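**Q** coords please:
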Amino acid sequence: MRNRSRLLAIGLVLLTVGGMLFALLPRPVTACAGGMDKTARAQGGGKSQESLRPISSKPVHFSVSPALRDIQPSARLGDSGETKDGSKDKRVKRSPLNPPLNKGKASGGANSIDPVVQRSTAKSLREEELNVPAPSLTFEGISNNDNAAAFGFTVSPPDTDGDVGPNHYVQSVNLLSQVFSKTGTPLTVPFKLSALFPSNTACGQTDDGDPIVLYDPLADRWLLSQFSLPSFPNPPFFQCIAISQTPDPTGAYFAYQFES
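**A** As a prediction, the model looks like this:
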């Protein structure tokens, strides 16, 4: 009897220790993931997180452009005096630089004067106060006069954009682009991005602006882009993207037209 009691006691101890060890074991990952998924669905109104996936599409048209260096200047139309792209007035209205604050104590309080607010324009500051080094090189890029010559109107805002590579600077200003050397020598004429696309495509028929110029230092290629809205405000809408075939931005481009 004494041996049986001892065996029962040992068995109870082993069961108790085994239960405690089981309780300390980590739960299966699948169970946790399932619980989190249910919580996410409950918080997202029944929509699973798996529904948030990237959307990709193929170009609706692909072509290879002529070399930019061979593109001829657009026919000069002359300035009609019209300003397009959201502006009815050629004048640029400037807001006052940092409107004056309410007069108050020098420091402390709701109406105190902010000591870091700039209260003077650059013209009224001495050169040593600006502490800005002079640029090593400046040259004239594209202007609205070029737009007037190519399109017969000027554009506001200009959406000026550009990027620099190892040997070139490429600039886009609504609605033209141009390639320069790093010393400012023009290597192409001011050209329409539509000139990179076939004339029977939307990207080859319209220049609707918002240009993008990017140099990719890893691929050593240039990207030029703008959108095309042939039936604005009605769809379809297109994004026109051109990638240089070589590191030379004055050469030919792979031209892609995507429907957005």
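**Q** rest of the way, CA atoms for contacts and neighbours
**A** Noted.
**Q** from memory Pro247 sits against Asp220, does it?
**A** Yes. The pair Pro247 and Asp220 passes the contact test of Cα atoms under 8 Å, sitting 5.3 Å apart.
**Q** Flag the shaky bits of the stretch 1-150 of the chain, pLDDT-wise.
**A** Within the stretch 1-150 of the chain, the ranges that satisfy pLDDT under 70 run 1-50, 75-113, 118-131.
**Q** Tell me how many other residues crowd Thr232.
**A** Thr isn't right for residue 232; it's Phe. The burial count assigned to Phe232 is 10, neighbours taken as other Cα atoms under 10 Å.
**Q** tell me the SS of it?
**A** Following DSSP: H, G, I helix; E, B strand; the rest coil, we place Phe232 in the coil state.
**Q** Quick check: it vs Val213, distance?
**A** Note on Phe232: its distance to Val213, by Cα to Cα, to the nearest Å, is 24 Å.
**Q** do Ser194 as well
**A** From Ser194 to Val213 the distance is 15 Å (Cα to Cα).
**Q** hang on, the earlier thing: so which of Pro247 and Asp220 has more stuff around it?
**A** Using other Cα under 10 Å as the criterion, Pro247 and Asp220 rank with Pro247 on top: 19 against 14.
**Q** For Ser56, see how far away that one is.
**A** 27 Å.
**Q** And for Ala202?
**A** 20 Å.
**Q** Give me the more crowded residue out of these two.
**A** A count of neighbours by other Cα under 10 Å puts Ala202 above the other of Ala202 and Ser56, at 23 against 5.
**Q** Now do the contacts for the more buried one.
**A** Ala202 makes contact with Ser228, Leu229, Pro230, Phe238, according to Cα atoms under 8 Å, 6 or more residues apart in numbering.
**Q** ok, it to Leu224 distance?
**A** Distance, Ala202 to Leu224, by Cα to Cα: 16 Å.
**Q** Ok, Ile212 next?
**A** 6 Å.
**Q** Of these two, which one has the most company?
**A** Leu224 (24 against 20).
**Q** Residues contacting the helix or strand encompassing the more buried one, please?
**A** For Leu224, the host element (DSSP states H and E) is strand 221-228. Residues outside strand 221-228 that contact it (Cα under 8 Å, 6+ apart) are 193, 202-203, 206-216, 237-249.
**Q** same question for it, mean pLDDT?
**A** On average, the pLDDT along strand 221-228 is 97.
**Q** got the CA coordinates for it in PDB?
**A** Written as PDB, here are the backbone C-alpha positions of strand 221-228 (Å, rounded to 0.1, in the frame of the first residue of the first chain):
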ATOM      1  CA  ARG A 221      19.500  56.500 -68.400                       C
ATOM      2  CA  TRP A 222      17.200  59.500 -68.700                       C
ATOM      3  CA  LEU A 223      13.400  59.500 -68.100                       C
ATOM      4  CA  LEU A 224      11.200  62.200 -69.700                       C
ATOM      5  CA  SER A 225       7.400  62.200 -69.000                       C
ATOM      6  CA  GLN A 226       4.300  64.200 -69.300                       C
ATOM      7  CA  PHE A 227       0.600  63.500 -69.400                       C
ATOM      8  CA  SER A 228      -1.800  63.500 -72.300                       C
END
